[in-house]
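In: One predicted model, sequence on top.
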Amino acid sequence: MAGQPATMDRTPSAEAGKESAMLGRGTRISGKIAFDGAARVDGQIEGEITASGPLVIGESALVNAQINGTSIVVHGKVTGDLTASKKLEIRAPGRVYGNVTTPSLVIEEGVVFEGHCSMGASEGKGERKVTILAKEEGSAPAATPAARIANADTRS
């Protein structure tokens, strides 16, 4: 981590439970970083991120990296490819510029996603799920072509 210490924080997060690591605002890291437990990023990272636990990219985060993890929630800006083995959520005001690979994708209204999505076709016939959330609670999302992509190409 290029001689810069990571900030540790034990604050609970709504998405991830208790975090074992937090990179706060003002933190800048260039290179590879690996998280063994739940983690939150609110700073700037350039390079590669690997997370074995839940990873939250906060609203103030600016990430230019390849990200691999189990469950990833994006509220900030990510430029790079994301691979989530369980679930990827892009929450407002999140912005993702890159390709995503995950069996379960949640895209909240008001986010930006520019890239391609793969729902695990190379891993066999697992459960694939896309959820599009309305911005306001209580209102149902309109039926869109994007909501039909979950099983668009599942030929045997």
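Out: That came through, no problem.
In: use CA for all of it now, contacts and neighbours both
Out: Will do.
In: Tell me which helix or strand Val130 sits in.
Out: Element membership for Val130 (DSSP states H and E) is strand 129-133.
In: Note down every partner strand of that strand and its orientation.
Out: Sheet pairing for strand 129-133, assigned by DSSP bridges, gives strand 104-108 (parallel).
In: Please spell out the segments of this structure that come in under the pLDDT threshold.
Out: Applying pLDDT under 70 to the chain picks out residues 1-19, 120-129, 135-156.
In: for it, which strand is longest?
Out: Selection of the longest strand in the chain by residue count, based on DSSP state E, yields strand 62-74.
In: And for that one, what's in contact with it?
Out: Outside strand 62-74, the residues that touch it by Cα atoms under 8 Å, 6 or more residues apart in numbering are 15, 42-59, 76-91, 94-96.
In: Can you list which of those are found in helices?
Out: If you go by DSSP state H, the contacts of strand 62-74 have nothing in helices.
In: re earlier: would you give the sheet partners of the longest strand of the chain, along with the direction of each?
Out: Assessed with DSSP bridges, strand 62-74 is paired to strand 44-51 (parallel), strand 55-57 (parallel), strand 77-79 (parallel), strand 82-90 (parallel).
In: Those into CSV, with extra columns for distance to Val106 and mean neighbour count?
Out: Output for those, formatted as CSV (distance: least, Cα to Cα, whole Å; neighbours: other Cα atoms under 10 Å):
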stretch, distance to Val106, mean neighbour count
strand 44-51, 19, 19
strand 55-57, 14, 26
strand 77-79, 16, 21
strand 82-90, 5, 21
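In: Output those in a markdown table, with distance to Gly110 appended to each entry.
Out: What follows is those, written out as a markdown table (distance: least, Cα to Cα, whole Å):
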| stretch | distance to Gly110 |
| --- | --- |
| strand 44-51 | 22 |
| strand 55-57 | 16 |
| strand 77-79 | 13 |
| strand 82-90 | 10 |
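In: so which of those gets nearest Glu109?
Out: Closest approach to Glu109 among these (Cα to Cα): strand 82-90, 9.2 Å.
In: Which residues outside that closest one are in contact with it?
Out: Contacts for strand 82-90 (Cα under 8 Å, 6+ apart): 66-75, 96, 98-108, 111.
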